[in-house]
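> Kindly return the folded structure for what I paste below:
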Amino acid sequence: MISAVSEQETKLLLSSDEISKRVSQLGREITQDYKDKDLVIVGVLKGGFIFLADLIRHIKLEAEIDFIRVSSYKEGMEARDIELISDTAISLKDRHVLLVEDLIDTCRTLDFIKKTIMSKNPASFQICALIKKKKSRETKIAVNYIGFEIDDKFIIGYGTDLAEKGRNLPDIYVIE
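As a prediction, this is how the structure comes out:
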């Protein structure tokens, strides 16, 4: 493991094989649900890019891909402030948008992203998340495609990080 992670006590939660199988299943579901639709897949940076890269290889449709980046933890920001760092670059008007996120936790950031995308008048908006934590949310948002539901634990790997480290781990670990 890398140094910032190796100092932490970790336990394997999801192996790369388990993740790969589930990502493939999600790709097949999305392919079926979006056939004959003008699909735009929007990845949430930074955490969602690894999941998105693997997922799109299993979606057997023509689709445009774009990214959105927000921050809620910049220096000097209150914990509840959310800032749009980078918006989508392509038009979402009258298109079917699938947002791809690595982790659903409180839904505060997701609510902000949803409002940002909905302001662009898409034909539809759905969410695909690799991980959804089982806990009460500050905001209720429907997540249409879920890879795995987990207890409220801090995780690292496969896009999720600890102080920007560990995203490149192929498995997902719980930090004890």
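> Please, which helix or strand holds the spatially most central residue of the chain?
In the chain, the residue lying closest to the centroid (Cα atoms, centre = their mean) is residue 101, at 1.0 Å. Assigning secondary structure by DSSP states H and E places residue 101 in strand 96-104.
> Now that strand: buried residues?
Residues 96-104 are the ones in strand 96-104 that count as buried (16 or more other Cβ atoms under 10 Å). From N, CA and C alone the C-beta is placed, and that goes for glycine too.
> ok, so of those residues, who is nearest residue 57?
residue 100 (12.7 Å; Cβ to Cβ).
> so what's that closest one up against?
Contact partners of residue 100, counting by Cβ atoms under 8 Å, 6 or more residues apart in numbering, are 41-44, 48, 51-52, 55, 128-129.
> possible to save those residues as a markdown table with pLDDT, neighbour count and secondary structure?
Output for the contacts of residue 100, formatted as a markdown table (pLDDT from 0 to 100; neighbours: other Cβ atoms under 10 Å; DSSP: H, G, I helix; E, B strand; the rest coil):
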| residue | pLDDT | neighbour count | secondary structure |
| --- | --- | --- | --- |
| 41 | 98 | 22 | strand |
| 42 | 97 | 25 | strand |
| 43 | 95 | 26 | strand |
| 44 | 93 | 24 | strand |
| 48 | 91 | 25 | coil |
| 51 | 97 | 26 | helix |
| 52 | 97 | 25 | helix |
| 55 | 98 | 23 | helix |
| 128 | 98 | 24 | strand |
| 129 | 96 | 25 | strand |
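> Closest to residue 16 out of these?
Within the contacts of residue 100, distances to residue 16 taken as Cβ to Cβ reach their minimum at residue 51, with 12.3 Å.
> How far away from the center of its chain is stretch 59-69?
How far stretch 59-69 lies from its chain's middle: 13 Å, per Cα atoms, centre = their mean, to the nearest Å.
> just stretch 128-148 next, same as before
Put simply, stretch 128-148 sits 10 Å off its chain's centre (Cα atoms, centre = their mean).
> Check which residues of it are buried.
Result for stretch 128-148 [16+ other Cβ under 10 Å]: buried residues 128-133, 143, 145, 147.
> From residue 43, how far off is the nearest residue to residue 9 once chain neighbours are set aside?
In space, residue 9 comes closest to residue 176 once its chain neighbours are excluded; the distance is 4.2 Å by Cβ to Cβ, 6 or more residues apart in numbering. Applying Cβ to Cβ, to the nearest Å, the value for residue 176 to residue 43 is 30 Å.
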